[in-house]
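*Asks:* Sequence first, then the predicted structure:
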Amino acid sequence: MMIKTFASAVHGIDATTITIETDVSQGIRFFLVGLPDSAVKESQQRVESALRLNGFKWPRQKIIINMAPADLRKEGSAYDLPLAVAVLAASEQISPEKLEKYILMGELSLDGTLQPIKGALPIAIKAREEGFEGFILPKQNAREAAVVDKLKVYGVENIKEVVCFFNDETELEPTLVNTREEFYKKLNSTDVDFSDVKGQENVKRALEIAAAGGHNLIMIGPPGAGKTMLAKRIPTILPPFTLHEALETTKIHSVVGKIDKDTSLMTERPFRAPHHTISDVALVGGGTYPQPGEISLAHNGVLFLDELPEFKRTVLEVMRQPLEDRKITISRAKFSVEYPASMMLVASMNPCPCGYYNHPTKECVCAPGMVPKYLNKISGPLLDRIDIHLEVVPVPFKKLSELSETENSHAIRERVIKAREIQSKRYQKTEGVFCNAQMSSRQIRDFVQLDPASNNLLKNAMEKLGLSARAYDRILRVARTIADLEGSEPVESHHISEAIQYRSLDRESWGT
């Protein structure tokens, strides 16, 4: 008897429906074809044990299973459940009538319990697109998949529940999630806040500008100045997720299995802070069977690179294209996958190897020439993609011991949201541009009109401070954001002067 069940394979951050065709006939051999990997091939032993321990029989006949399309590689152990149901249906232990209405996914333990899978959300989205009535999967992934409306999602704990459901012996309870209600309920909940930060008012101002315009930022300062503490609070002042952004970000985290069992939809912008020993593949994604890297996991959020010069040069160089294109394409001989990577890069570094160059009280002990050599670990093309360079100095004791309240994240976020709304209207007819940091040179000429005084100020600054040519566009982008924060349509001279001070590393005198 020939039976079809349906499963799904995740490719990039999208899913492809897999048809599992099973034929049980006279003979004694077992054949599993359709380009399965080792984990799929090993499913026979897991399925056989799970069936036997739950009172079902593994047919002592010839079993041929084809996983179509046969030229697409099938990976992982999540095909155990559809394979087991297919064998039971083909051997007439399950009624086949409802099989075509459901996508089945789940890894089986030897006792028949189901283990969680990766990629439940993109699979559910594909199931709804292709008109399936429901999705049966492990209970741990049910809330994640239930985000998708117009699809019945059944979370199960044991294969016996699935068999009884298809034989109409019991009913399964669908998992229901009010996506919008849960999303908006948790949207503004954060564990950290800018009110925790004492002093550093100039740094907070720069971070507000970076958040308002989506600008990449680097902080240079001695150990203990608060660079990491400040960076961790940047997501709290970024505009809240839209429902579309939350769904897109959750899909990426779902593919790598980083969604908690109690979570249905991500509501906080991601903050990723990989260690400086990370490999280039782990940062941008890839591997023999490609997976998203840290830059994709930080999509719609913040990628924080602490101690930037300590990262390997090759690791930093592979970031150049994703920072420009806001996506990463990973190509292999037989296929290529594309992952989104639209994140805000925030980096920090010490000013020199000992950490105390330009320190107000401690003396730098580095040998002559060590400071520029240390800075040169970061290539010019990478530095060119960072709009704001910010020097951070230690907070004096007087500021640390103050008991007065400082401005909280909510107040700063309100100003950021207003600035982003101005940019949204400005770029509504421009595809792929959502904030000032993404402006091209032509758009800068269109949207940043300087009066003679502002133009003269910028000219003098570039000549006297020795600013490089690459600083010109960056200054204008940042100045446009400063003007937006003030609600000003023209970019005025005081906007330009503030933007100039955020180009420390472009000055020829810095570090010499």
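*Replies:* Yes, it's here.
*Asks:* how about low-confidence regions in the stretch 101-250 of the chain?
*Replies:* Scanning the stretch 101-250 of the chain for pLDDT under 70 picks out the ranges 186-189.
*Asks:* residue ranges for the helices of it, please.
*Replies:* Here the stretch 101-250 of the chain has its helices, by DSSP state H, counting those that start in this stretch, at 120-129, 142-145, 159-166, 179-185, 201-213, 227-232, 243-255.
*Asks:* closest one to residue 323 among the ones you listed?
*Replies:* Nearest to residue 323 among those is helix 201-213; the distance by C-beta to C-beta comes to 14.3 Å. The way it works is simple: take the backbone N, C-alpha and C, and place the C-beta from them, glycine included.
*Asks:* what are the phi and psi angles of the nearest residue to residue 226 once chain neighbours are set aside?
*Replies:* Distance criterion C-beta to C-beta, 6 or more residues apart in numbering; nearest residue to residue 226, sequence neighbours excluded, is residue 200 at 6.0 Å. The phi/psi pair for residue 200 (degrees, to the nearest 10) reads phi 60, psi 40.
*Asks:* Residue 200 is in contact with residue 229, isn't it?
*Replies:* No - counting by C-beta atoms under 8 Å, residue 200 does not reach residue 229; the two are 9.0 Å apart.
*Asks:* Of the two, which one has the most company?
*Replies:* residue 200 (23 against 14; other C-beta atoms under 10 Å).
*Asks:* quick one: contacts for the more buried one?
*Replies:* 226, 230, 392, 395 (C-beta atoms under 8 Å, 6 or more residues apart in numbering).
*Asks:* before we move on, back to that, for residue 461, find the nearest of the helices of the stretch 101-250 of the chain.
*Replies:* Closest among the helices of the stretch 101-250 of the chain, using C-beta to C-beta: helix 201-213, at 17.4 Å.
*Asks:* which residues touch the closest one?
*Replies:* 194, 197, 215-217, 219, 226, 230, 233-234, 237-238, 344, 346, 387-388, 390, 392, 407, 412, 415-416, 419-420, 423, 435-437, 477-478, 480-482, 484-485, 502.
*Asks:* list the buried ones in it?
*Replies:* By 16 or more other C-beta atoms under 10 Å, the buried positions in helix 201-213 come out as 203-213.
*Asks:* Now for these: which two are most distant?
*Replies:* The two members of the buried residues of helix 201-213 with the most space between them (C-beta to C-beta) are 203 and 213, at 16.3 Å.
*Asks:* Please report how far residue 174 lies from residue 297.
*Replies:* Taking C-beta to C-beta, to the nearest Å as the criterion, residue 174 is separated from residue 297 by 30 Å.
*Asks:* Repeat that for residue 112.
*Replies:* For residue 112, the distance to residue 297 - C-beta to C-beta - is 33 Å.
*Asks:* and those two? which has more neighbours close in?
*Replies:* Per other C-beta under 10 Å, whichever of residue 112 and residue 297 has more neighbours is residue 112, with 26 against 23.
*Asks:* Residue 61 versus that one, what's the distance?
*Replies:* From residue 112 to residue 61 the distance is 22 Å (C-beta to C-beta).
*Asks:* what do you get for residue 226?
*Replies:* 70 Å.
*Asks:* neighbour-wise, which of the two wins?
*Replies:* Per other C-beta under 10 Å, whichever of residue 226 and residue 61 has more neighbours is residue 226, with 19 against 15.
*Asks:* what comes into contact with the helix or strand of the chain with the lowest mean pLDDT?
*Replies:* The helix or strand of the chain with the poorest confidence is helix 397-400; it has a mean of 71 (mean pLDDT, DSSP states H and E). Outside of helix 397-400, the residues within contact range by C-beta under 8 Å, 6+ apart are 198-199.
*Asks:* follow-up on the earlier one: deepest-packed of the helices of the stretch 101-250 of the chain, please.
*Replies:* Ranked by mean neighbour count, the helices of the stretch 101-250 of the chain are led by helix 142-145 with a mean of 27 (mean count of other C-beta atoms under 10 Å).
*Asks:* Can you tell me what sits against it?
*Replies:* The contact list for helix 142-145, computed with C-beta under 8 Å, 6+ apart, reads 120-121, 123-124, 135, 137, 151, 153-155, 175, 177, 250, 254, 259, 261-264.
*Asks:* Kindly recompute the last result at 6 Å.
*Replies:* With C-beta atoms under 6 Å, 6 or more residues apart in numbering as the test, helix 142-145 has contacts from 120-121, 124, 135, 153, 155, 175, 177, 259, 264.
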